[in-house]
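J.: Got a predicted structure plus its sequence, pasted below:
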Amino acid sequence: MQEVLNFLSELRINNNKEWFDQNRDRYEESRKKVLFLTELVIHEVSKFDPEIGSLTAKDCVFRIFRDVRFSHDKTPYKINMGSFIARGGRKSMGAGYYLHIEPGGSFVGGGSYCPPADSLKALRTEIFDHPDEFKKLIYSDSFRRTYPEMYDDKLKTPPKGFPKDFPEIDLLKYKSYAFTSRIDDSVVAGDAYVGKIIDAFKELAPVNRFLNTAIDKWL
């Protein structure tokens with residue numbers, strides 16, 4: 001994946017249509033590599049998480065073109081390439097597996113990132129009903145070695161509809177139930193990259209199962 005990292009590094013400092021058009025062949029080649037990587041990962045993830053269904057890489061890989069309509073930043077292209085592997089593909093509202101390639105900022109992760117209000121309430125309700133089960137998943141030694149922390153965007157006060165004296169009220173304050181694990185560029189460019197991704201996603205699979213069970217149950 002070194003060619004992908006090289007392309008994205010140059011795109012970061014040449015984020016304009018003229019440069020992109022001149023290097024479109026490099027972009028297409030990089031996209032092909034990310035599609036192939038995603039196809040491999042889908043195949044492996046389906047062995048331990050059949051809920052992802054019959055996905056193709058094109059269902060999961062994000063476009064590199066930014067939506068700048070409502071943004072002060074008018075640069076036209078993302079400086080990363082990524083895939084979200086979940087039932088329904090990249091637009092899924094369920095929990096899934098995320099792969100992010102960015103020079104100096106690559107990571108793997110997943111879970112449920114910024115879910116809509118009804119999904120978030122479903123997740124909080126399931127955690128409220130089964131706090132010990134959820135804590136056992138996210139606080140296990142093996143899980144925390146891969147994912148040391150949950151994505152930390154929280155309410156300052158307890159969410160409405162839940163008792164303030166609930167012992168695990170802090171777990172209900174999260175706005176996302178998402179986890180990340182950084183990956184060095186040397187790993188992204190090396191032969192062990194796919195194995196690193198799959199190992200991380202195996203750790204995440206039971207958490208995704210818990211989160212998706214919540215969404216299925218309460219929505």
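T.: Looks like it arrived, so ask away.
J.: residue boundaries of the strands in this structure?
T.: Counting by DSSP state E, the chain has these strands, from start to end: 81-85, 96-101, 107-112, 177-182.
J.: and the angle for the last one with strand 107-112?
T.: Taking axes from the mean of the first three to the mean of the last three CA atoms, to 10 degrees, strand 177-182 and strand 107-112 form an angle of 170 degrees between their directions.
J.: Next, the angle strand 96-101 makes with strand 177-182.
T.: Angle of strand 177-182 versus strand 96-101, following the same axes, to 10 degrees, is 30 degrees.
J.: Only alpha carbons, please: show strand 177-182 as CSV.
T.: Output of strand 177-182 as CSV, limited to C-alpha atoms (Å, rounded to 0.1, in the frame of the first residue of the first chain):
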residue,chain,number,x,y,z
TYR,A,177,-19.9,3.6,20.8
ALA,A,178,-16.8,3.6,18.5
PHE,A,179,-13.3,2.3,18.9
THR,A,180,-10.0,2.9,17.0
SER,A,181,-6.6,1.4,16.9
ARG,A,182,-3.7,3.3,15.3
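J.: hmm, back to that, for the strands of the chain, give me CSV that also has mean neighbour count.
T.: Every residue, glycine included, has its C-beta placed from N, CA and C. Shown next, in CSV, are the strands of the chain (neighbours: other CB atoms under 10 Å):
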stretch, mean neighbour count
strand 81-85, 24
strand 96-101, 24
strand 107-112, 24
strand 177-182, 22
